[in-house]
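> Structural data only, the sequence is not supplied:
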């Protein structure tokens, strides 16, 4: 009894200290904001400084508070509704979905934006969230799976957005700025809009607080006390999406504030759900305001615009690094057994190889617009030197990604794992971004080196993280997610500067084999010839790891070491492929599934088949990208992402569980 | 320039024929082309403008759909084949055009490994940080014309530009124009300011106008700044170079901050039709024409 009282008192004290800390941070940021605001008005025309203060800086400060509160509340609601402490508009794809919807509207229906910007953003965000939830349903809404699905959906949406920006031409700069989330205000309209949303949301959350708290229990017990769990979850998710997309429609993407706020609320002693629903918005407000005050001060020193949203995104990586190893683990299901099995494996593999060879020939001899075959040897002679490097490097990268994807999906027993979520390709992008900031016109040699350096750094970071956290191979991928978020924030920061370096970065990010030289193609082919057989040698480990830890140890294999080595191999293969075809392809996601669906179920057969399927997919998508809109070249990554996105949806529809 | 038209159309028509027959055999018909250079393709808009102004439409050029909307003049004949996006050139189409020489700028240098396997690739460094570009652009104009065997026409184009600049300069001097603040409007709250190392900033100095923005070297011409920075130059004439996004246009017309900017409040403000910020002499003279008009009729005219 006395013990309980004592610990309760300690908790109270802890909470008091935390609250005092947040207040102090708020006071300090107020001071910084005031000083930066004062310095921002120095030297402006006398009449204008007052207007700037009243219609620019004050609404900006208030917006940071209101927007931060809205994002904090959105994060807390999502985390409570989905029982996932890593849930956030950024990690669940809501931000990327809203960005894509607004990008499409900017280019195709600008009139729609004038009247219904919030609705457009909501539609995009809600669609992305729905897709993520449907995808993770099969795995019982396991938190890690959900974040993985969110990352995959975000990557597809961002690739589409990148292509839109490149095609946008005239309005590129506005799309860049908006992707970074600059909080500048002119008048009080955005404040009024977000204030109104919070005004509606707060009473609604208050009314829902009890059923929301009960969601922390299992669904069965919640239903036992008479709570319609489905309806409450849906209401909370919709409310959170409204709040998050409202902020996005006003100022652009402001990432990871909700994730940080809700988890910091928990750390600050808000143990119950209702306490978190109060604390998270308050902490979110302080977080965004403090970030914006720092940004405002930095802008005074740097003289250029720094988008606040890109800076808050830097919070995402560290928070995820801390959080992911602590996530509850809900799903233990392994990959579903394939419906059928191929008996004559070698015959099947030979058929795949034949199909790949046929696709290569077709791709080589198709007319540039893809509607006929080349009509003369003369023309073929002209085009061959341009075509074979693309084809060879594409096929090699496809094979590497197919093998890497198989390893990752097998080791993590997670069907959504894919090389893209390892963070290696985003790391390559960050390396390239750093180079282009220094020299926007860097040649092909230095850019290749920078991308390689970035991917190696990301690889090292993932391995170091996994080693430090003593993670099993299953969780190694978590380090990849965190690295992907961190590097992604850096890339966003560079993109929001606009200018030639941003255009070149987007060209690379949208993914294309266009720039491959014969030398790179040969190197890529050699890498595939070395790495894919190496992966095949590891097939026994893959098979044994699947039998469970005890069996593996019984057979004298350390599951940690074997799994770690396999994932490292997958990471090296991914890095090699990224350098040739850009960061995004989803071939590594699709190929293993297709190989399995066709009936290659043993690890060795699946590895070999996915490598072939990966090569085949890459040849087909690259040929389509080259010829569909000739002479305008579509990014290979975009075509692959479209195919991959459609494939994901199909996968879900086909295998949706009965209950 | 119109004197050359008849001579050009035959060549251009042949070029177009070759381009449109991509599914079939491409005749290597008129490799002769203009004396000296042979069959020419360009992969940069500054070079495209220059070739068009010289009266030599190239066989192929990139991103023509956007060029017709953003650069507008000199107009591109329908016969010029489109090479796709400047950042993702269709090397296949370029190869089928079978150019003898391809002209580009340092912005297209990334494509050198592919282009050099198709034809000779001539790269001109036009825009370098901290360097006013017009002198380099004039040198490029003369060099390109000389390589095509029409050195006289190249010198004529440069002289024509200089004459137009001088005329505008004279008109502006008598009207005693204020310092000018040139911006590219990004969104409702942000602009990029054109410094001395930009095409338009350099054109200002040719027109004898003072660029109000002296931070050219400290602030990169490419980094966006908040519009409040524009209030630090209360006496300047503010000029926005098109295109302006619809969102930003609304903000300029009704936004509290835009309306309160000293230049806008005093009517010392104009929006110009689209001009290519990374163009050559034609873009510079087009811009100079719009700017001179706006300054001589200082009433906050707004166009395009």
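Perfect, thanks for sending it. Note that this is a predicted model, so its numbers are computed, not measured. Numbering: from 1, shown residues only, chains lettered A, B, ... in the order given.

> From here on, just use CA atoms for contacts and neighbour counts.
Noted.

> where along the stretch 1-150 of chain B do the helices fall?
B:5-20, B:45-53, B:64-70, B:91-97, B:112-115, B:134-147 (DSSP state H, counting those that start in this stretch).

> can you tell me which of those helices comes nearest to residue A:192?
Closest approach to residue A:192 among the helices of the stretch 1-150 of chain B is made by helix B:64-70 (36.6 Å; Cα to Cα).

> In contact with residue A:237, which residues?
A:77-78, A:81 (Cα atoms under 8 Å, 6 or more residues apart in numbering or on different chains).

> Of those, which is the nearest to residue A:89?
For those, the nearest to residue A:89 is residue A:78 (8.1 Å; Cα to Cα).

> how many neighbours does that closest one have?
Using other Cα atoms under 10 Å in any protein chain shown, residue A:78 is surrounded by 29 other residues.

> wait, it sits on residue A:87?
Yes - contact criterion Cα atoms under 8 Å: residue A:78 and residue A:87 qualify, at 5.9 Å.

> Might you report the residue contacts of residue A:297?
A:32-33, A:35-36.

> So residue A:509 versus chain B, what's the distance?
As judged by Cα to the nearest Cα, to the nearest Å, residue A:509 and chain B stand 12 Å apart.

> Also residue A:118?
Applying Cα to the nearest Cα to residue A:118 and chain B gives a distance of 14 Å.

> Surely that residue and residue A:243 touch.
No - shown here, residue A:118 and residue A:243 do not form a contact pair, counting by Cα under 8 Å, at 10.0 Å.

> okay, those two: which has more neighbours?
Just comparing residue A:118 and residue A:243: by other Cα under 10 Å the higher neighbour count belongs to residue A:243, 26 against 21.

> weakest of the helices of the stretch 1-150 of chain B by average pLDDT?
Comparing mean pLDDT across those, the lowest value falls on helix B:5-20: a mean of 39.

> What values do phi and psi take at residue B:99?
Main-chain torsions, residue B:99, degrees, to the nearest 10: phi -70, psi 160.

> Might you report the residue contacts of it?
B:38-41, B:59, B:118-119.

> would CSV of those residues with neighbour count, pLDDT and distance to residue B:149 be doable?
Output for these, formatted as CSV (neighbours: other Cα atoms under 10 Å in any protein chain shown; pLDDT from 0 to 100; distance: Cα to Cα, whole Å):
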residue, neighbour count, pLDDT, distance to residue B:149
B:38, 17, 73, 10
B:39, 25, 90, 13
B:40, 26, 94, 13
B:41, 29, 96, 16
B:59, 27, 95, 17
B:118, 24, 92, 23
B:119, 18, 93, 19
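
> So which of the residues you listed are in strands?
B:40-41 (DSSP state E).

> ok, which stretches of the stretch 151-300 of chain B are helices?
Under DSSP H, counting those that start in this stretch, the stretch 151-300 of chain B gives helices at B:151-174, B:199-206, B:246-254, B:256-260, B:262-265, B:281-296.

> For chain A, find the nearest of the ones you listed.
Counting by Cα to the nearest Cα, chain A lies closest to helix B:256-260 out of the helices of the stretch 151-300 of chain B; the figure is 5.8 Å.

> Whatever residue of the stretch 51-200 of chain B ends up closest to chain A: how many residues sit nearby?
Per Cα to the nearest Cα, residue B:84 is where the stretch 51-200 of chain B lies closest to chain A, at 4.1 Å. Other residues near residue B:84 number 25, with proximity taken as other Cα under 10 Å.

> Setting the sequence-adjacent residues aside, check what's closest to it.
residue A:632 (4.1 Å; Cα to Cα, 6 or more residues apart in numbering or on different chains).

> The one you found looks like it's in a helix, true?
No - the assignment for residue A:632 is coil, going by DSSP: H, G, I helix; E, B strand; the rest coil, so no helix is present there.

> What is the burial count for it?
21.

> repeat for residue A:134
18.

> Also residue A:343?
10.

> Is it correct that residue A:324 falls within a helix?
Yes - the assignment for residue A:324 (three-state DSSP) places it in a helix.

> per-residue confidence at it?
For residue A:324, the predicted pLDDT is 73.

> Please apply the same query to residue A:534.
Reading off the model, residue A:534 has pLDDT 91.

> Report the secondary structure element holding it.
Assessed by DSSP states H and E, residue A:534 sits inside helix A:518-537.

> will you turn the contacts of residue A:237 into JSON lines that also has pLDDT and secondary structure?
Output for the contacts of residue A:237, formatted as JSON lines (pLDDT from 0 to 100; DSSP: H, G, I helix; E, B strand; the rest coil):
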{"residue": "A:77", "pLDDT": "94", "secondary structure": "helix"}
{"residue": "A:78", "pLDDT": "93", "secondary structure": "helix"}
{"residue": "A:81", "pLDDT": "89", "secondary structure": "helix"}
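
> could you dump the residues you listed to JSON lines with distance to residue A:609?
JSON lines is the format used below for these (distance: Cα to Cα, whole Å):
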{"residue": "A:77", "distance to residue A:609": "43"}
{"residue": "A:78", "distance to residue A:609": "39"}
{"residue": "A:81", "distance to residue A:609": "40"}
